[in-house]
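[1] below is the structure, and that's it, no one-letter string:
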């Protein structure tokens, strides 16, 4: 299992949100590259970077900050937020991203997701953001009537390998993640699931590892000192 420290970017600031609400943004730094370097120094090999402005606008609003993360971390960086065209995928991969994440684009234009997987293989992942069991889009501001588990099954059937599944209701709450949801997701053949949203203890990491998830994204638990990154990595790897 792999640990992905999260760097969410809003107006060039490293922030955390509460349940995806942009109005609750709490800033932790104005230097994304420095935060990435600090994570690397603590043993991180992977980083999950999200352009929150881009998630709303559909543009690469914080591309410079993401480039700083890639250049300063030496880590495998997966990038999400507003990636809705092949040009944006190419741009981030050319900048050194290890993987790009499409979300809204995959929901609103499933053919785009299918083509992206055919063209880029495992270098493209799909982010499935769930609120009340339904898929949310456009920076989590719009909730569709699409069942999140059914959508993950459809992605697997289309050849998608990596899915980042976030429970919006728990994201940024430090209240614990939905372990039952990940047990259910792991029954979908062919998917590598990364768990995101609410993870706040080493005990949860041990359970997620036992369930068999591919990765875990840690955000507020790291920034607020609830988890030590080195200890989390040790649980995941050993």
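    Yep, it's here. If you're wondering where the values come from, they're calculated on a predicted model, not measured in any experiment. Residues are numbered from 1 along each chain as shown.
[2] so where is this structure shaky, pLDDT-wise?
    Regions of the chain meeting the criterion pLDDT under 70 are absent.
[3] just the helices in it please.
    32-41, 52-57, 63-73, 86-94, 104-108, 110-120, 148-157, 179-185, 202-211, 220-223, 229-237 (DSSP state H).
[4] for residue 3, find the nearest of these.
    helix 229-237 (4.9 Å; CB to CB). Every residue, glycine included, has its C-beta placed from N, CA and C.
[5] now do that closest one: which elements does it pack against?
    strand 2-10, helix 202-211, strand 215-218 (3 or more CB pairs under 8 Å, 6 or more residues apart in numbering; DSSP states H and E).
[6] let's have the helices of the chain in TSV, adding mean neighbour count and distance to residue 192.
    Shown next, in TSV, are the helices of the chain (neighbours: other CB atoms under 10 Å; distance: least, CB to CB, whole Å):
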stretch	mean neighbour count	distance to residue 192
helix 32-41	20	22
helix 52-57	22	22
helix 63-73	21	22
helix 86-94	16	19
helix 104-108	22	16
helix 110-120	16	13
helix 148-157	18	10
helix 179-185	16	10
helix 202-211	17	13
helix 220-223	23	22
helix 229-237	17	14
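[7] one step back: distance to residue 97 added to the helices and strands packed on helix 229-237, as CSV?
    Output for the helices and strands packed on helix 229-237, formatted as CSV (distance: least, CB to CB, whole Å):
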stretch, distance to residue 97
strand 2-10, 13
helix 202-211, 25
strand 215-218, 16
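[8] can you tell me which of these is nearest to residue 117?
    Nearest of the helices and strands packed on helix 229-237 (CB to CB): strand 215-218, 18.3 Å.
[9] partners of the closest one in the sheet?
    strand 2-10 (parallel), strand 192-196 (parallel) (DSSP bridges).
[10] circling back: in TSV: the helices of the chain, plus distance to residue 173.
    Shown next, in TSV, are these (distance: least, CB to CB, whole Å):
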stretch	distance to residue 173
helix 32-41	21
helix 52-57	17
helix 63-73	25
helix 86-94	29
helix 104-108	23
helix 110-120	29
helix 148-157	18
helix 179-185	15
helix 202-211	13
helix 220-223	8
helix 229-237	18
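[11] right, and the ones you listed - which one's nearest residue 11?
    Going by CB to CB, the one of those nearest residue 11 is helix 52-57, 6.7 Å.
[12] can you list the residues that contact the closest one?
    If you take CB atoms under 8 Å, 6 or more residues apart in numbering as the criterion, helix 52-57 is touched by 8-11, 15, 17, 22, 25, 59-62, 80-83, 103-104, 138-141.
[13] how does it look with 10 Å?
    8-13, 15, 17, 20, 22, 25, 51, 59-63, 65-66, 79-84, 88, 103-104, 127, 129, 137-141 (CB atoms under 10 Å, 6 or more residues apart in numbering).
[14] out of the helices and strands packed on helix 229-237, the one nearest residue 238 is which?
    Nearest of the helices and strands packed on helix 229-237 (CB to CB): helix 202-211, 9.9 Å.
[15] cool, thanks, talk later.
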